[in-house]
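>>> Everything below, folded, please.
(chains A and B)
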There are 2 protein chains.
Amino acid sequence: MTTEVLSGKGLASLIREQAQDEARSLGSDGTRPTLAVVVATEDESTLWYVRSIERSAERAGIGCRIVDLGHDASEQALASVLADLSTEPTVHGIILQTPLPAAVRADRLVGHIAPEKDIDGANPLSLGRLAVGQPAFAPATARAVVELLDHFEIPVAGRNITVVGRSAVVGKPLSLLLLERDATVTICHSKSGPLERHTRAADVVVVAAGRTGLLKGSDVSPEAVVIDVGTNVLPDGSLVGDVDEASVTGVAAGLSPVPGGVGSVTTALLLLHTTEAARQQSPAALLTASTSRI
Amino acid sequence: MTTEVLSGKGLASLIREQAQDEARSLGSDGTRPTLAVVVATEDESTLWYVRSIERSAERAGIGCRIVDLGHDASEQALASVLADLSTEPTVHGIILQTPLPAAVRADRLVGHIAPEKDIDGANPLSLGRLAVGQPAFAPATARAVVELLDHFEIPVAGRNITVVGRSAVVGKPLSLLLLERDATVTICHSKSGPLERHTRAADVVVVAAGRTGLLKGSDVSPEAVVIDVGTNVLPDGSLVGDVDEASVTGVAAGLSPVPGGVGSVTTALLLLHTTEAARQQSPAALLTASTSRI
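Below is the predicted model:
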């Protein structure tokens, strides 16, 4: 079996173009869609990633404000910045970048991000709204998986999809998105016993567990499509996913690899979400919303 | 195979006793835990159910305030009542009873229930908090399933559990609760194709789809435990679940039937949640919370 490589590059580029078009259209109405990234770390690879978002945003005509509170920022200071940005009319999207200082509890902070600006779906209210089918931003990584499947025309409705990993950032929101799309979803994790029992019958396997080499060729069926969402940094600084690519290649029908898969789609979606948020917050949209309430 | 009947009666009675003890303890501190049920229907069976909650509450020493806005209540009137009850210090738990008038959108209304009083987990924020592992009330029916499994010592961790139905009231929150308890969860629904493909390999099958006779004996394995959460009212007014009891009996290891299963546990949990909410909102708890913030 030849394994098709499901690269994220083409899709990411299409999404960036869409965000750029949308930014241009908003600009002609006087709105510059703007993203704020709140940072509180000295971790070099994180800072590099944040600067890469900034560069992508600028290229798409989207403003990017990096708010760096330093690696010893207090929870109170972070909460206060998130609350301020939430009411700041020139900011349309907010990301709270991890890692955060050890003393800070991210799960308490994300509640300070206004849902309409929560473009990476970090506030539990966003997740709850997704669950009940109300409009909300999904975490960009979760949406990236769905967009990638769509881009390569891999059917989802009525298919068996196994999601490995139950995080609030990928596994759970992705499961909700896939259910919304009529997939039958199995969620497994570190306590699920032998992985193959849950992955061999799946048409699509999404792995987001954070364990190098977790999914092997013997774990998947020959027709399966495998989407790697793992991000593991090796001691030499290189990035690898959760899939043992050597053994899965030649077995699965398709493989979205790490790097080169969902990562760039995720970043592009953060830009698109920013323009979507700006559109919803634009004076024209708010006017329509208030009129329709009457 | 003899199929054990997993009745909810004994468990419901234990939970009601627990709620009563807790109400007594709160009473000695001057708090009478109180539940408000907001009603806007003339449906007789619903009104009968609400009165049965009231009677159970009173027997357990819990106040119950039925706020009946009539079958033609507007969304605005309902929203305003929910908002008032949310800030009313003598009310600790709020239920918005369905059905609601046709013109009213329940999904917009539930956001007006304060999360700390949302004892039936109707506000999307409650569901989101459950998803990220923050304290929140689960919908009582979802918790009832987990409590019933615990009561009959049916292991959950590491087992394969198939949930049939993806509603925001049962299927999704129950899946989150089961994941939290380390189960491997498969969620299937009307678009999942032949049910047996998803239920025959399951150690536990929970059916909450609202379709009479949906799950048959040939759909389950002989060791499986089946929990029926369906509620279907037949033309003659009698209540039946989603499980074809005749064919499942003798095949499954255990069956929680309808009626006689999770229903009474659900009602008992609404009382227990009210006392839990009252405890969290009591002056002593609020004092501790404000102190621990310093």
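>>> CA atoms for contacts and neighbours, from now on please.
Fine.
>>> what does chain A put close to chain B?
Residues of chain A found near chain B (Cα under 8 Å from any Cα of the partner chain) are A:107, A:124-129, A:131-132, A:157-159, A:166-168, A:172, A:179, A:182-189, A:191-193.
>>> List only buried entries from those.
Among the residues of chain A next to chain B, those buried by neighbour count (16 or more other Cα atoms under 10 Å in any protein chain shown) are A:124-129, A:131-132, A:157-159, A:166, A:168, A:172, A:179, A:182-189, A:192.
>>> can you list the residues that contact the strand or helix carrying residue A:76?
Residue A:76 is part of helix A:75-87, with elements assigned from DSSP states H and E. Helix A:75-87 is touched from outside by A:36, A:38, A:69, A:91, A:94, A:103-105, A:109, A:112-114, A:117, with contacts defined as Cα atoms under 8 Å, 6 or more residues apart in numbering or on different chains.
>>> Which of the buried ones among the residues of chain A next to chain B fall in strands?
Assigned to strands by DSSP state E, the following of those qualify: A:184-188.
>>> Rebuild those residues as CSV, extending it with distance to residue B:229 and pLDDT.
Putting those into CSV (distance: Cα to Cα, whole Å; pLDDT from 0 to 100) gives the following:
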residue, distance to residue B:229, pLDDT
A:184, 19, 98
A:185, 20, 98
A:186, 20, 98
A:187, 21, 98
A:188, 23, 97
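>>> Next, count neighbours for residue A:281.
20 (other Cα atoms under 10 Å in any protein chain shown).
>>> Quick check: chain neighbours aside, which residue is closest to it?
residue A:92 (7.3 Å; Cα to Cα, 6 or more residues apart in numbering or on different chains).
>>> and residue A:32, how far is that from chain B?
30 Å (Cα to the nearest Cα, to the nearest Å).
>>> Let me see the contact set for residue A:159.
Contacts of residue A:159 (Cα under 8 Å, 6+ apart): A:182-184, A:202-204, B:192.
>>> let's see it at 6 Å
Contact analysis of residue A:159 by Cα atoms under 6 Å, 6 or more residues apart in numbering or on different chains lists A:183-184.
>>> And the one 3 residues further on, by the same measure?
In this structure, residue A:162 makes contact with A:185-187, A:202, A:205, judged by Cα under 6 Å, 6+ apart.
>>> Which of the buried ones among the residues of chain A next to chain B fall within helices?
Of the positions in those, A:124-129, A:131-132, A:172, A:179 sit in helices, assigned by DSSP state H.
>>> can I get the residues you listed in a markdown table with distance to residue A:152 and pLDDT?
Compiled in a markdown table, those are given as follows (distance: Cα to Cα, whole Å; pLDDT from 0 to 100):
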| residue | distance to residue A:152 | pLDDT |
| --- | --- | --- |
| A:124 | 30 | 97 |
| A:125 | 31 | 97 |
| A:126 | 27 | 97 |
| A:127 | 26 | 96 |
| A:128 | 29 | 97 |
| A:129 | 28 | 96 |
| A:131 | 25 | 95 |
| A:132 | 28 | 93 |
| A:172 | 23 | 98 |
| A:179 | 19 | 98 |
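>>> picking up where we left off before, among the contacts of residue A:162, which one lies nearest to chain B?
Closest approach to chain B among the contacts of residue A:162 (Cα to the nearest Cα): residue A:186, at 4.0 Å.
>>> Excluding residues flanking it in the chain, which one is nearest that closest one?
Going by Cα to Cα, 6+ apart, residue A:186 has residue B:186 as its nearest residue, at 4.0 Å.
>>> Which pair of the contacts of helix A:75-87 spans the longest distance?
A:91 and A:103 (27.2 Å; Cα to Cα).
>>> What residues sit buried inside the helix holding residue A:76?
A:75, A:78-79, A:81-83, A:85-86.
>>> Nearest to chain B among the residues you listed?
Nearest member of the buried residues of helix A:75-87 to chain B, counting by Cα to the nearest Cα, is residue A:75, at 11.6 Å.
>>> Tell me where the stretch 1-150 of chain A has strands.
Along the stretch 1-150 of chain A, counting by DSSP state E, counting those that start in this stretch, strands occupy A:4-5, A:34-39, A:63-68, A:93-96.
>>> Tabulate those (CSV), appending mean neighbour count and mean pLDDT.
Shown next, in CSV, are the strands of the stretch 1-150 of chain A (neighbours: other Cα atoms under 10 Å in any protein chain shown; pLDDT from 0 to 100):
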stretch, mean neighbour count, mean pLDDT
strand A:4-5, 15, 98
strand A:34-39, 24, 98
strand A:63-68, 18, 98
strand A:93-96, 25, 98
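>>> Compile these into a markdown table and extend it with columns for distance to residue A:286.
Below are the strands of the stretch 1-150 of chain A laid out as a markdown table (distance: least, Cα to Cα, whole Å):
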| stretch | distance to residue A:286 |
| --- | --- |
| strand A:4-5 | 43 |
| strand A:34-39 | 17 |
| strand A:63-68 | 21 |
| strand A:93-96 | 16 |
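>>> before we move on, back to that, out of residue A:91 and residue A:103, which sits in the busier spot?
residue A:91 (23 against 10).
>>> Backbone dihedrals for that one, please?
With angles defined as degrees, to the nearest 10, residue A:91 sits at phi -110, psi 130.
>>> I'd guessed it sits against residue A:34; true?
Yes. At 5.1 Å, residue A:91 counts as touching residue A:34 under the criterion of Cα atoms under 6 Å.
>>> In the stretch 151-294 of chain A, where is pLDDT below threshold?
A:288-294 (pLDDT under 70).
>>> mind redoing it with 50?
A:293-294 (pLDDT under 50).
>>> Could I get the full set of strands for it?
A:160-164, A:184-188, A:204-207, A:225-228, A:232-233, A:239-240, A:254-256.
>>> quick one: strands adjacent to the third one?
This means strand A:204-207. In the sheet, strand A:204-207 lines up against strand A:160-164 (parallel), strand A:225-228 (parallel) (DSSP bridges).
>>> so can I have CSV of those showing distance to residue A:274?
Converted to CSV, the strands paired with strand A:204-207 look like this (distance: least, Cα to Cα, whole Å):
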stretch, distance to residue A:274
strand A:160-164, 27
strand A:225-228, 25
